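[1] would you be able to build a 3D model of this:
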Amino acid sequence: MKANILGVTIDTYSMQETVEQIRQAVENRAPMRVVTANPEMIYASDRNQRLKKLINSADIVTADGIGVVWAARRLGTSVQERVTGIDLVQALFPAADAGKWRILFLGGKPGVAEQAANRVCREHSGIILEALHGYFSLAEEPFVLEKIRSFQPDVLLVGMGAPHQEYWIEEHPGLATVSIGVGGSFDALAGTVIRAPKRIQELHVEWLYRLWKEPWRWKRQTVLPRFVLKVLWHQVNLKNSCKSEG
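    Numbers count the residues shown, from 1 in each chain. As a prediction, the model looks like this:
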């Protein structure tokens with residue numbers, strides 16, 4: 001089942017169901033591209049048809065944030081829970097550990113992905129991990145691609161920021177069985193960015209905590225109220241359309 005939010009189709013899988021879909025893809029060597037769609041990306045896609053097509057062509061599109069869950073329910077489709085990039089990555093590690101998956105971290109500033117990989121390896125020794133930073137030039141890209149291909153990852157996690165990471169994954173298919181854009185997840189895994197306390201996450205105001213810690217993000221956060229207004233306006237139009245048809 002899928003939810004339609006401003007023309008973007010969101011899968012209604014729970015976190016556990018999403019992990020299971022990815023686990024099956026890895027085991028069956030079935031190529032899969034996963035997009036974690038947050039309100040900012042969905043809002044941007046409303047005016048960027050290439051981005052909208054890119055999101056909708058993914059094998060799984062998760063609800064990255066409580067705002068997406070709220071929007072889906074507001075527009076008539078129940079989404080079980082949010083499935084954010086960082087939460088999905090962490091939920092995958094137990095399955096990856098048990099299956100001895102090969103995972104490659106690509107992105108972040110030099111040293112960050114490596115630090116994240118080292119921390120993950122200490123907790124999940126069954127995972128075979130490689131890490132490459134995302135600050136490479138166009139001239140260096142062939143070397144990066146060769147490193148990825150020679151490693152032959154089961155899962156490629158790309159943390160270059162949305163939507164750049166989504167475009168990059170689309171432009172370089174076949175590098176891994178499963179490819180996922182994960183934003184700033186490596187910073188969180190490395191401990192260079194501290195996530196909100198669990199209680200704040202449960203209250204669904206993690207975005208407010210990040211704004212307090214990183215006030216320079218305020219311009220990005222202005223998308224949230226615009227996203228809400230656009231969803232409410234879309235809901236009104238849907239109701240009016242239904243009345244007209246009735």
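[2] what's the longest helix in this protein?
    In the chain, with assignment by DSSP state H, the single longest helix is helix 223-245.
[3] hmm, which helix or strand of this protein has the shakiest average pLDDT?
    Sorted by mean pLDDT, DSSP states H and E, the helices and strands of the chain end with helix 206-213, the least confident at a mean of 58.
[4] re the thing from before, check which residues of the longest helix of the chain are buried.
    Neighbour counts over helix 223-245 (16 or more other Cβ atoms under 10 Å) mark 223-224, 227-228, 230-231, 234 as buried. In this view, the C-beta of every residue, glycine as well, is placed from N, C-alpha and C.
[5] what lies in contact with it?
    For helix 223-245, the external contacting residues (Cβ atoms under 8 Å, 6 or more residues apart in numbering) are 5-6, 39-40, 42-44, 46, 67, 71, 74-76, 207.
[6] tell me the mean pLDDT for it?
    Mean per-residue pLDDT for helix 223-245: 80.
[7] secondary structure class of the closest residue to K2 other than its chain neighbours, three-state.
    Closest residue in space to K2, ignoring its immediate chain neighbours: T9 at 4.5 Å, by Cβ to Cβ, 6 or more residues apart in numbering. T9 carries the three-state label strand when classified by DSSP: H, G, I helix; E, B strand; the rest coil.
[8] who's in contact with the residue positioned nearest the centre of the chain?
    In the chain, the centroid-proximal residue (Cα atoms, centre = their mean) is T36; its distance is 2.8 Å. Contacts for T36 (Cβ under 8 Å, 6+ apart) come out as 61-62, 64, 83-85, 88, 180-183.
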